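Visitor: my questions are about this predicted structure, shown below with the sequence.
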Amino acid sequence: MPEKLLEMTDIVKCYTIGDEEQVVLNHIDFSVSRGEFVSILGPSGSGKSTMMNIIGCLDVPTSGKYILNGKEIADLDQIELAHIRNKEIGFIFQSFQLLKRNTILENVELPLIYAKLSRKERRERAAAMLERMGLGNKMDFYPNQLSGGQQQRVAISRAVVTQPSILLADEPTGALDQKTGAQVMELFHELNEEGRTIIMITHDKHIAEHAGRIVKILDGVMSEGVMEDA
Amino acid sequence: MKMSWENIVQNKLRSFLTILGIVIGVTAIIALITVVQAVIDNVNEQFDSVGANTIVISVQGTPLKQGLTDKELMDINQIDGVSGIAPSINTEIDISRNGTIYEDIIVDGKNETFFRRNSDLLSMGRGLNVLDVENKNRVCVISADFMHKAFMGENPVGQNLTIMGSVYKIVGVVDGADESVMSLMSGNTTDIYIPYKNLMSLTGQNRVYSLEVYMSEEAENTKQISDTIEQYLDNLFNHKDNSYMLIVMDSLLDMMRSMQSMLTTALTAIASIALLVGGIGIMNMMLVSVTERTVEIGLRKALGAEPRLIQVQFLTEAIMLSTLGGIFGVIVGLTISFACGAVMDIAIPISWGAIALGVGFSAAVGIIFGFTPAKKASELNPIDALRSV
C-alpha cells in the first residue's frame, strides 16, 4: 500500500458574496498516493479551480483537514504557505505564466531564487533542467521567441526544477493545439514514470484519461470513478 | 535589486517622466539654496569688510540748511563712543595721464580715518594721511582695476595723474573693489581716492553730504550712539522729515541674516511642494505598475515568494526611482548654480548639506510614497492575481 502524500478530510470551502454564503466545496474527502497521476475532471464552475487553489496552498479551506507530505496546512500563515508552495508544489498553468522580460533560463531559476539557493547553484540546476527538456540551446531566448509547446516545456521545467512533491497542472493543454498537447501529455507520463506525483485539473475528458485515476467534481461534490458519458 | 532595476530600465520613458517631479524638486532645492547662500555670503562678506560698528549717514538737507559743515562734522566726531568719521564725496570725471584721457572715472574724496579703517585693502604704497587731508596735498590712491587699465604692469606709485587740471601724485594702490558702504549701495566702484577737501574745492562744494561714522570697538550700545547722532541731526535740521538718512550697519547685517533664513525657509517650502508632487507621481506609477503586474506578482507568490520579498522588490523600485531623480536633480541643480555663479561673478560654494538634503529627501519620498503600493502588491491574493488573465 503506497503511502498517502496528500490527504484531505471533510474539506469545505465557502465564499461569502454580499450576504449570501456560497458553498464551493462541499465536504470533500480526497487523497493521493506518492507516485500517482490523478485527473480532477469537472466543468467550469464545478469548484475545480478552488480545489486546485487549496491543493496548491494558494488558499486555505473554511473547514476540514488537509495534510500534505505529513504537514497540516489548514492553519499556516502566508509566509509558511509561501514556503510550502515553493518546496512542495510545482505549478503548471494553462497560459504558461512565464515572465516575458526574462530569458527562459531566468524563468526556470525563479523558484530557486525564492528557495534561497546560491546564484551558481540555481543557474546550474535550471540549465540542467532545460537541457533535459531539450531546450538547452534556447536558454537565452525570451518566452515570446518560442512556440507554445516550447513555452509549456519551460513552464514544466520551472515546476519540476525545485523537485516538488506534487506537480499541479491547471488545464496544461488548454492553450495548445492537439499535437503539442499530446506531446505535453507524453512528457507528463515520462515524469510520472520517474516517480513524480501529478495532479491535473481539466474539463477535457480526453486529456483527463491520460491519468491513472480520474476524480470527478460537480457542484462542489467529488466522486471517484470512471467518467460516464455526459 | 536586479529585478527592480530591470523594470525601471524597461519603462524608460515612463520612469523618466515619473522622476521628473523629483528632479525638479531637488534641482530647485539645490540651485536655490546654493545660489542664495552664495549671494548672501557674498553680500555678508562685503558688509563684514565695511565692518560692523559703522553708521552711514547721508544728508539731503532742507531748503534752509544744506549738508554738514566742518564744525558740525567735528561735533559728530566728539560724540561719546564715536572713534572717527570719514566724509565721503564722489564724482565722475575725465582724467588724463601722459596725454591719454580716461573717461568717466569715479573719484572719491576720503580722509585719513577711512584709510586707517581700511588699511587691509592697501596693496601698494600708503594711504592718505592727516597731513594730506589738512594741507590738501595733491596725492591720490588708485584702485587695482584702474592700475591694470592705465599702467599695465608698470609700478604706478610715484607717477602722476591729471585730475581737473591739477597734477596728482599716486602714493598707493588699493586692491579689489572699494568695499565702502557707499559704493556698495550705488553699485559703483571707485577708481581714484583723493583727500576729500581737495575734491570739495575741485567741485566747488563746501559742505559734506555723506559720511561714515565709526564707533569705537568697545562701544557696547550702538543704539544709544546712533540715537545721540540722530538727536544732533534732528536739532540741526529742525526736525524736518527726510532731511537725512542714517543706516546702522549692525542692524543692516542682522536684517540680511534674518532675510537669508526667511528666504531659505520659503524656498525650501516651495521645493518641498515640488518633491511632494514628485512623490505622488512615483506613487501613481508604482500603483499602475502593481496593477499591470498583478499576474506576475501572483505567479511569483505561487512559486513561493514571501509577501515581504514582493514588498521589498516594489519598495526598492520606488526608492531607486526617486533616488535616481535626486541624483539627477543634484547634478542639474549644481550646474544651474555654477552657471548663475559665472553670470553673477560670485564664487559658488558646494553645499554638501544641500546635496545630502536633496538626495536624502528624494530617498525619503521613495520610501514614503513607495510603501503603500509595495504593501498592496505584497498583499495581493495569488488566486485573484492569476485569475485576472
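Guide: Everything's here; your move. Every value quoted in this text rests on a predicted model; they were computed, and no experiment measured them. Numbers count the residues shown, from 1 in each chain, chains lettered A, B, ... in the order given.
Visitor: isn't B:Val248 right up against B:Thr222?
Guide: Yes - the pair B:Val248 and B:Thr222 qualifies as a contact (C-beta atoms under 8 Å) at a distance of 6.2 Å. Every C-beta, even on glycine, is put in place using the N, C-alpha and C of the backbone.
Visitor: what's the burial count for whichever residue of the stretch 151-300 of chain B sits closest to chain A?
Guide: Here the residue of the stretch 151-300 of chain B nearest chain A is B:Leu299; by C-beta to the nearest C-beta that distance is 4.7 Å. By the measure other C-beta atoms under 10 Å in any protein chain shown, the count of residues near B:Leu299 is 23.
Visitor: which other helices and strands does the helix or strand encompassing it contact?
Guide: For B:Leu299, the host element (DSSP states H and E) is helix B:294-302. Counting contacts by 3 or more C-beta pairs under 8 Å, 6 or more residues apart in numbering or on different chains; DSSP states H and E, helix B:294-302 packs against helix A:78-88, helix B:307-344, helix B:382-387.
Visitor: now do the same end-to-end measure for stretch A:87-106.
Guide: Terminal residues of stretch A:87-106 lie 18 Å apart, using C-alpha to C-alpha, to the nearest Å.
Visitor: doesn't A:Thr9 fall inside a helix?
Guide: No - when DSSP: H, G, I helix; E, B strand; the rest coil is applied, A:Thr9 is found to be strand, with no helix at that position.
Visitor: once you drop chain neighbours, what's closest to it?
Guide: Nearest residue to A:Thr9, sequence neighbours excluded (C-beta to C-beta, 6 or more residues apart in numbering or on different chains): A:Lys65, at 4.3 Å.
Visitor: quick check, that neighbour in a helix?
Guide: No - remark: A:Lys65 does not belong to a helix; assigned using three-state DSSP, it is strand.
Visitor: hang on, isn't it packed against A:Ile54?
Guide: No - using C-beta under 8 Å, A:Lys65 is not in contact with A:Ile54, being 11.7 Å away.
Visitor: quick check, central residue of chain A?
Guide: Central residue of chain A (C-alpha atoms, centre = their mean): A:Leu168, 1.3 Å from the mean position.
Visitor: which of the helices or strands spans that one?
Guide: Per DSSP H and E: strand A:166-170 holds A:Leu168.
Visitor: check which helices and strands that strand sits against.
Guide: Using 3+ C-beta pairs under 8 Å, 6+ apart: strand A:166-170 touches helix A:48-55, strand A:89-92, helix A:148-160, helix A:178-193, strand A:197-202.
Visitor: redo that, cut-off 7 Å
Guide: helix A:48-55, strand A:89-92, strand A:197-202 (3 or more C-beta pairs under 7 Å, 6 or more residues apart in numbering or on different chains; DSSP states H and E).
Visitor: please report how far the one residue in chain A that gets nearest to chain B lies from A:Leu58.
Guide: Minimum separation of chain A from chain B (C-beta to the nearest C-beta) falls at A:Asn86, amounting to 2.3 Å. Distance, A:Asn86 to A:Leu58, using C-beta to C-beta, to the nearest Å: 12 Å.
Visitor: now do A:Glu20
Guide: 23 Å.
Visitor: B:Asp70 too?
Guide: 101 Å.
Visitor: how about the residue of chain B found nearest chain A: what's its closest non-neighbour residue?
Guide: When scored by C-beta to the nearest C-beta, chain B has B:Gly304 as its residue closest to chain A, at 2.3 Å. With sequence-adjacent residues excluded and distances taken as C-beta to C-beta, 6+ apart, B:Gly304 is closest to A:Asn86, at 2.3 Å.
Visitor: any idea of the pLDDT on the one you found?
Guide: pLDDT, A:Asn86: 92.
Visitor: now for it, how many residues are close by?
Guide: Neighbour tally, A:Asn86, other C-beta under 10 Å: 24.
Visitor: likewise B:Val36?
Guide: That count, for B:Val36 with other C-beta under 10 Å as the rule, works out to 17.
Visitor: where does it fall, secondary structure wise?
Guide: helix B:12-50.
Visitor: mind checking pLDDT for the residue lying closest to A:Val108 once chain neighbours are set aside?
Guide: Nearest residue to A:Val108 in three dimensions, chain neighbours excluded: A:Ala126, at 4.0 Å (C-beta to C-beta, 6+ apart). Note for A:Ala126: predicted pLDDT of 93.
Visitor: what phi and what psi does the backbone show at A:Ala126?
Guide: Here is the backbone geometry of A:Ala126 (degrees, to the nearest 10): phi -70, psi -40.
Visitor: you'd agree it is up against A:Thr103?
Guide: No - at 10.1 Å, A:Ala126 does not count as touching A:Thr103 under the criterion of C-beta atoms under 7 Å.
Visitor: settle it for me: which of these two has more neighbours?
Guide: Set A:Ala126 next to A:Thr103 and count neighbours by other C-beta under 10 Å: A:Ala126 wins out with 24 against 18.
Visitor: give the contact list for B:Tyr102.
Guide: B:94-96, B:150 (C-beta atoms under 7 Å, 6 or more residues apart in numbering or on different chains).
Visitor: can you list the weak-confidence ranges in the chain?
Guide: Here I'm looking at chain A. A:1-2, A:225-230 (pLDDT under 70).
Visitor: actually it's chain B I care about, not the one you picked
Guide: Ranges of chain B meeting pLDDT under 70: B:1-4, B:10, B:46-52, B:176-188, B:218-220, B:385, B:387-389.
Visitor: can you list the residues of it near chain A?
Guide: Neighbours of chain A within chain B, by C-beta under 7 Å from any C-beta of the partner chain: B:6, B:10, B:295-296, B:299, B:301-307, B:382-383, B:389.
Visitor: coming back round to it: neighbour count: A:Lys65 and A:Ile54, which is higher?
Guide: Between A:Lys65 and A:Ile54, counting by other C-beta under 10 Å, A:Ile54 is the more crowded of the two (26 against 14).
Visitor: let me see the contact set for the residue lying closest to that one once chain neighbours are set aside.
Guide: In this structure, A:Ile54 finds its nearest non-sequential neighbour in A:Pro61, 5.5 Å apart by C-beta to C-beta, 6+ apart. A:Pro61 makes contacts with A:11-13, A:54, A:74, as judged by C-beta under 7 Å, 6+ apart.
Visitor: swap in 10 Å and give it another go.
Guide: With contacts defined as C-beta atoms under 10 Å, 6 or more residues apart in numbering or on different chains, A:Pro61 is in contact with A:8, A:10-14, A:25, A:28, A:50, A:53-54, A:73-74.
Visitor: comparing A:Glu20 and A:Leu58, which residue is more hemmed in?
Guide: Shown here are A:Glu20 and A:Leu58; by other C-beta under 10 Å, A:Leu58 has more neighbours (23 against 7).
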